[in-house]
Each structure stands twice: as structure tokens, then as C-alpha cells.
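Undergrad: sequence first, then the predicted structure:
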Amino acid sequence: MKTSAFSRKQEQFRKILFVARHNAGLTQVALAKKLGRPESFVSKFERGERRLDVVEFLEVARALSLDPARIITEFDGR
């Protein structure tokens, strides 16, 4: 199994979160502020420079008012 942060599946996952942030009307700075993190945190996971662990994913999903289980279910079904 490919483990690169630049794998096709990782790119799809990043796109889901990127689109969700845009749909929420949030900038990277605004999302970072909601998360209590620096803007570079959001920038790096959106560009694929770093991966989110499960706890970070849950924090991001909640900050975007998303149901984490729904995101995983939709992502897994692609």
C-alpha cells in the first residue's frame, strides 16, 4: 500500500476538507483560529505537506461543522 502524503487517496481526502472549508466560508486563517492552531497547520494539510491524525481530523471536521462519520463513509465509498 502506498503511504505517500501525495497518494491519490490522500489528495481526494484533502480536497474534501478544502471544499468543506470553502463551503463554510472560512479562510485558512479563520479555520486555524477556530482550531487554536497557526495558519500554517491548515495550509500544510491542505497542500499535503503533512497528514492529519484521527484526533486532528475530528477537530477539523467539528470546526467545519461536519459529521466526521459521514465524511469517512463518503470518502470510503469513492
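TA: Great, that's in hand. None of the values given here were measured: they were computed from a predicted structure.

Undergrad: give me every residue that touches the residue nearest to the spatial centre of the chain.
TA: Nearest to the centroid of the C-alpha atoms of the chain, with distances taken as C-alpha atoms, centre = their mean, sits L17, at 3.9 Å. Contact analysis of L17 by C-beta atoms under 8 Å, 6 or more residues apart in numbering lists 45-46, 60, 64. (Glycine included, C-beta is placed from N, CA and C.)

Undergrad: can you redo these as TSV with secondary structure?
TA: TSV is the format used below for those (DSSP: H, G, I helix; E, B strand; the rest coil):
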residue	secondary structure
F45	helix
E46	helix
V60	helix
L64	coil
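
Undergrad: if we only consider the residues you listed, which is nearest to A24?
TA: Distances from A24 to the contacts of L17, taken as C-beta to C-beta, are shortest for L64 (5.2 Å).

Undergrad: next SSE after the longest helix seen in the chain?
TA: Ordering each helix of the chain by length in residues (DSSP state H) puts helix 8-23 first. Later in the chain than helix 8-23, the nearest helix or strand by DSSP states H and E is helix 28-35.

Undergrad: so which elements touch that next one?
TA: For helix 28-35, the packing partners by 3 or more C-beta pairs under 8 Å, 6 or more residues apart in numbering; DSSP states H and E come out as helix 39-47, helix 54-63.

Undergrad: would you turn these into a markdown table with mean pLDDT, distance to V29 and mean neighbour count?
TA: Converted to a markdown table, the helices and strands packed on helix 28-35 look like this (pLDDT from 0 to 100; distance: least, C-beta to C-beta, whole Å; neighbours: other C-beta atoms under 10 Å):
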| stretch | mean pLDDT | distance to V29 | mean neighbour count |
| --- | --- | --- | --- |
| helix 39-47 | 97 | 5 | 17 |
| helix 54-63 | 97 | 13 | 16 |
